[in-house]
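K.L.:
Give me a model of this one.
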Amino acid sequence: MAEQNGGKLNLLERTLPEGLLVDAAWMERHGYSRSLRSQYVSAGWLIQPVRGTYKRPRGELTWEKAVVSLQTLLGSGLSVGGRVALDLQGFSHYLSAAGPSIIHLYGEAPPPGWLAKLPLPQKFEFHKAQTLFRRLPEKPALQEGTLRHIPVASEWQLRVSTPERALLEMLNELPSHESFHQVDMLMEGLSALSPRRLQLLLNDCRSVKVKRLFFWYAARHPHAWVKQIDRNAVDLGAGKRVLAKGGKLDPDLLITVPDDLDAPV
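P.N.:
Numbering: from 1, shown residues only. All right, here's what the predicted structure looks like:
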């Protein structure tokens with residue numbers, strides 16, 4: 001029996017990389033019973049960051065590794081989007097230099113409840129991807145180039161939104177959770193976006209607010225790629241949208257925006 005348990009422990013060391021974590025269901029599927037898991041925890045071979053989760057004792061747990069665990073070991077379709085996806089792809093000098101405090105996760109189904117209980121400084125916020133886009137962010141979207149994998153923590157690949165998709169996700173957070181001024185600073189530096197990818201996303205986007213905001217910011221920052229977007233192919237809806245209370249109405253896109261956006265910050 002000891003030899004069998006030793007063999008299973010060796011297998012676990014090969015299938016559960018240091019720094020990543022799994023849940024009880026994963027352990028059960030791989031043949032590790034509750035009693036065996038308890039034995040491993042008592043012996044210090046495994047630790048439990050929160051109840052129902054397991055990781056090897058070495059390797060610091062970070063939010064990146066928690067999400068990589070979901071994506072790679074636990075088969076989650078979640079991806080990192082919005083502000084954080086832009087941060088991770090080199091636009092942090094346009095956003096907060098303090099690092100992310102909220103990790104925006106997009107997908108068809110929410111993450112497991114234990115994710116929010118992990119001893120991490122970041123909080124996780126789930127968004128239903130189908131609320132913003134008609135197509136779910138699974139393999140077809142990867143093939144179309146709206147999601148990508150980027151290296152994190154030197155050895156892992158994290159699935160994130162492309163800058164084009166992340167921009168629209170960030171616009172969706174205006175005005176409640178994002179700043180008009182920060183998005184404006186960001187747009188000023190986005191000179192190398194893909195017009196083909198943007199056209200695809202705009203055509204697929206359900207939010208009239210997001211699409212109008214996109215064209216409003218694009219008019220303020222007329223990068224070369226802006227001329228290649230066919231605005232007539234995008235459904236911009238009808239009627240006015242009040243996005244900034246006390247702001248000014250843009251007569252073209254019929255959205256109210258801050259009247260002090262060009263004032264010194």
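
K.L.:
contacts, neighbours, all on C-alpha from now
P.N.:
Noted.

K.L.:
Tell me, how many residues neighbour residue 44?
P.N.:
11 (other CA atoms under 10 Å).

K.L.:
Work out for me the element it sits within.
P.N.:
Assigned by DSSP states H and E, residue 44 falls within no helix or strand.

K.L.:
That one contacts residue 55, doesn't it?
P.N.:
No: the pair formed by residue 44 and residue 55 falls short of the contact definition of CA atoms under 8 Å, at 10.5 Å.

K.L.:
Confidence-wise, which helix or strand of this protein is lowest on average?
P.N.:
The element with the least model confidence among the helices and strands of the chain, by mean pLDDT, DSSP states H and E, is helix 139-144, at a mean of 56.

K.L.:
Following element in sequence after that one, please.
P.N.:
strand 147-152.

K.L.:
Point out the other helices and strands that that next one packs with.
P.N.:
Here strand 147-152 touches strand 156-161, going by 3 or more CA pairs under 8 Å, 6 or more residues apart in numbering; DSSP states H and E.

K.L.:
how far away is the spatially most central residue of the chain from residue 160?
P.N.:
Closest residue to the average C-alpha location of the chain: residue 80 at 1.7 Å, with CA atoms, centre = their mean. As judged by CA to CA, to the nearest Å, residue 80 and residue 160 stand 5 Å apart.

K.L.:
before we move on, what about residue 154?
P.N.:
Using CA to CA, one gets 16 Å for the distance from residue 154 to residue 160.

K.L.:
who has more neighbours, the two?
P.N.:
With other CA under 10 Å as the criterion, residue 154 and residue 160 differ in neighbour count, and residue 160 comes out ahead with 26 against 6.

K.L.:
give me every residue that touches the more buried one.
P.N.:
With CA atoms under 8 Å, 6 or more residues apart in numbering as the criterion, the residues that contact residue 160 are 79, 80, 81, 85, 147, 148, 149, 150.

K.L.:
Top of these by number of neighbours, please.
P.N.:
Compared across those, residue 81 has the highest neighbour count, 30 neighbours, by other CA under 10 Å.

K.L.:
What segments of the protein are helices?
P.N.:
Across the chain, reading from the start of the chain, the helices by DSSP state H fall at 2-15, 24-29, 34-42, 63-68, 82-86, 129-132, 139-144, 163-171, 180-189, 195-204, 208-220.
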